[in-house]
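*Asks:* sharing a sequence plus its predicted fold:
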Amino acid sequence: MAIQLTNRSKVVSNKEMSFSEKLYLPAIVKGMLITFSHLFKKTPTVRYPEQKRSRAGVYRGQHVLKRDENGAERCTACGMCAVACPAEAITMENGERKKGEEHLYREEKYATTYEINMLRCIFCGLCEEACPKEAIFLTDRIVDAEYERDTFIYGKDKLVEKIDKRIDVSIRETKEVAEFKKLPGLKHNELFDSSKQLKKGKH
Amino acid sequence: MKVTIDGIEIDVPKGTTILQAARMIGPEVAPPAMCYYTKLKTSGGYCRTCIVKVTQGSTANPNPMPKPVASCRTEVMDGMVVQNVTSPDLLEARKGVVEFLLINHPLDCPVCDQAGECKLQDLGYEHGSAKTRYEFKRREYEMIDIGDKIKLHMTRCILCYRCVKVCDQITDNRVHGVVHRGDASEISTYIAKAIDNDFSGNVIDVCPVGALTDKTFRFKQRVWFTKPVDAHRKCDKCSGKTRVWLKGEEVVRVTSRMDQWNEAEEFICNSCRYDHKRTSDWVIEGPTKISRHSVISQNHYEHLNELKLQVLKQQKALGFMPLDKRP
């Protein structure tokens, strides 16, 4: 016999029903009463998208690829996020920055394509933990519902933040990162300085 | 000659260095080496990462050596007792060496093509400290093109001299190796002159860091997204035995085959390295065995069965019963 895990299981019996049980009506009325009583109870659902439930600030939703304070993309396509990703949702291709593109890409190398398959993604946040350039962050936005599977593969057009519509992710910075940024002398720390960053439109 | 390294005794012939003796015992006791290269004559003695503590010089003279010695340049004596990982003092000293090597290193691993197979990365991870204490500006150089196939990032160079030795030993006319002194030292002209040689591409393979990189592979792929396979072709210049790095059907890079000490088994010619970038050019022997602790083996599933067996073995050792075998 299998191990009994709970004592909630009921043994099915085949005993003869009583007269009132054979009528069925009392049972139906009882059921209807339960349904009716729910009309006067508080509804647990909300009318999304008009009404939104509040979420924790550290909620892990749709990703964003950050730009630095000059508007250049921070991502350098190092591939750490893709190798850390347990769902293998991230793919990318690298390219070399050309002369005159310094305002577009912060580093010598950048991601020519960067794709996240939102159907594969499990929103664990390991990509942002792995990112050495503070480029990828998970935000408290929800990935939209779509009709086609292809449309769930988000490219750079959907992931990179709009230059005039920055997304504030300072809440997701860990204490350690904040401490590290304060270290003097490291050139790339100046580039990491987010205090100068525009703080517009919190989602 | 009997020598004891980290409590393990080994019999080695006369003239063996401590490093070679340690390598004979195995990777657990072998000290890391950044500049020493078995196949390059007179290499070693520059980087100081392979330092070891000699607690007993020999049976004849049992006094300890006064300070850590470079194991790649010190020959064993009969009855020598050496400490490597068993000496906390030595590990502390090596940490200092790593800190010095990293002082001027730009730490641009996210951009660097060597990341994932870089010996300095491994060394920093295993022996270095997580933080830097250096507060000054790091030295900077412009990138130099050595020929049309090799790029030199002098900022990343740790001055191991391996590339200089390669050029020195493949050509006769020496021009220059390293110019200037101290932290202004720079790999120079000599290498650029040797670039016409058929085997000049090997400077990329011997470079332990990302200072000399293959321009045909520049920013193409991260190493861990590619799949290394051992392959060969008929070549009249070299043995033709290489390691081909595939991404799907595309050959993204060709290198020489590395042994467990990250040294090339056989140097390959430039024609194999640069000009044969089609899968049809190669006879593929099979996937390269890569340690599962290496980032290169991440997200590859060739060794899944091996892994399963190991898990089962450990479960058995712990007395853990698999779910499907439970009553």
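*Replies:* That came in fine, so what should we check first?
*Asks:* which residue lies nearest the spatial centre of chain A?
*Replies:* residue A:61 (1.7 Å; CA atoms, centre = their mean).
*Asks:* how close does that residue sit to residue A:139?
*Replies:* Distance of residue A:61 to residue A:139, given as CB to CB, to the nearest Å: 6 Å. Quick note: C-beta positions are derived from backbone N, CA and C, even for glycine.
*Asks:* what stretches of the stretch 1-150 of chain B score poorly on pLDDT?
*Replies:* By pLDDT under 70, the stretch 1-150 of chain B contains no weakly predicted segment.
*Asks:* let's see it at 80
*Replies:* B:131 (pLDDT under 80).
*Asks:* might you enumerate the residues of it proximal to chain A?
*Replies:* Within the stretch 1-150 of chain B, the positions adjacent to chain A are B:107, B:109, B:110, B:111, B:115, B:131, B:132, B:134, B:135, B:136, B:137, B:138 by CB under 8 Å from any CB of the partner chain.
*Asks:* mind doing that once more with 6 Å?
*Replies:* For the stretch 1-150 of chain B, the contact set with chain A under CB under 6 Å from any CB of the partner chain comprises B:110, B:111, B:135.
*Asks:* what residues are bridge-paired with the nearest residue to residue B:87 once chain neighbours are set aside?
*Replies:* Closest residue to residue B:87 apart from its sequence neighbours, by CB to CB, 6 or more residues apart in numbering or on different chains: residue B:53 at 4.7 Å. Counting by DSSP bridges, residue B:53 is bridged to residue B:83.
*Asks:* surely residue B:53 is in contact with residue B:83?
*Replies:* Yes - Residue B:53 is within contact range of residue B:83, at 4.3 Å (criterion: CB atoms under 6 Å).
*Asks:* could you redo the residues of the stretch 1-150 of chain B next to chain A as JSON lines and give each row secondary structure and neighbour count?
*Replies:* Below are the residues of the stretch 1-150 of chain B next to chain A laid out as JSON lines (DSSP: H, G, I helix; E, B strand; the rest coil; neighbours: other CB atoms under 10 Å in any protein chain shown):
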{"residue": "B:110", "secondary structure": "coil", "neighbour count": "19"}
{"residue": "B:111", "secondary structure": "coil", "neighbour count": "21"}
{"residue": "B:135", "secondary structure": "coil", "neighbour count": "9"}
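*Asks:* of those residues, closest to residue A:126?
*Replies:* Nearest to residue A:126 out of those is residue B:110 (CB to CB; 16.5 Å).
*Asks:* quick one: that closest one and residue B:159, what's the gap?
*Replies:* Counting by CB to CB, the gap from residue B:110 to residue B:159 is 23 Å.
*Asks:* and residue B:201, what pLDDT?
*Replies:* pLDDT recorded at residue B:201 is 89.
*Asks:* quick check: phi and psi on it?
*Replies:* Dihedral pair for residue B:201: phi -60, psi -20, per degrees, to the nearest 10.
*Asks:* roughly how far apart are it and residue B:242?
*Replies:* In terms of CB to CB, residue B:201 sits 11 Å off from residue B:242.
*Asks:* what of residue B:159?
*Replies:* For residue B:159, the distance to residue B:242 equals 28 Å [CB to CB].
*Asks:* comparing the two, which residue is more hemmed in?
*Replies:* Shown here are residue B:159 and residue B:242; by other CB atoms under 10 Å in any protein chain shown, residue B:242 has more neighbours (27 against 19).
*Asks:* number of residues surrounding residue A:172?
*Replies:* If you count neighbours by other CB under 10 Å, residue A:172 ends up with 18.
*Asks:* before we move on, what about residue B:41?
*Replies:* Residue B:41 has 9 nearby residues by other CB under 10 Å.
*Asks:* for the closest residue to it other than its chain neighbours, grab the count of nearby residues.
*Replies:* Of all residues not flanking residue B:41 in the chain, residue B:169 sits nearest, at 6.4 Å (CB to CB, 6+ apart). With neighbours defined by other CB under 10 Å, the count for residue B:169 comes to 16.
*Asks:* next, the buried residues of the helix or strand hosting residue B:169.
*Replies:* If you go by DSSP states H and E, residue B:169 is part of helix B:162-170. Going by neighbour count (16 or more other CB atoms under 10 Å in any protein chain shown), the buried part of helix B:162-170 is B:162, B:163, B:164, B:165, B:166, B:167, B:168, B:169.
*Asks:* next: stretch B:138-158.
*Replies:* B:138-139, B:146, B:149-158.
*Asks:* now the two most distant members of the residues you listed.
*Replies:* Across the buried residues of stretch B:138-158 (CB to CB), the longest gap, 27.4 Å, separates B:138 and B:149.
*Asks:* can stretch A:127-136 be found next to chain B?
*Replies:* Yes - interface with chain B: stretch A:127-136 contributes residue A:132 (CB under 6 Å from any CB).
*Asks:* quote the end-to-end distance of that stretch.
*Replies:* By CA to CA, to the nearest Å, the extent of stretch A:127-136 from end to end equals 7 Å.
*Asks:* so the closest residue to residue B:64 other than its chain neighbours is in which element?
*Replies:* The shortest distance from residue B:64 to any non-neighbouring residue, by CB to CB, 6+ apart, is to residue B:55 (4.9 Å). Per DSSP H and E, residue B:55 falls inside strand B:51-56.
*Asks:* what helices or strands is that strand leaning on?
*Replies:* Applying 3 or more CB pairs under 6 Å, 6 or more residues apart in numbering or on different chains; DSSP states H and E, one finds that strand B:51-56 makes contact with strand B:80-83.
*Asks:* how about 10 Å then?
*Replies:* If you count contacts as 3 or more CB pairs under 10 Å, 6 or more residues apart in numbering or on different chains; DSSP states H and E, strand B:51-56 packs onto strand B:2-5, helix B:18-25, strand B:69-70, strand B:80-83, helix B:88-102.
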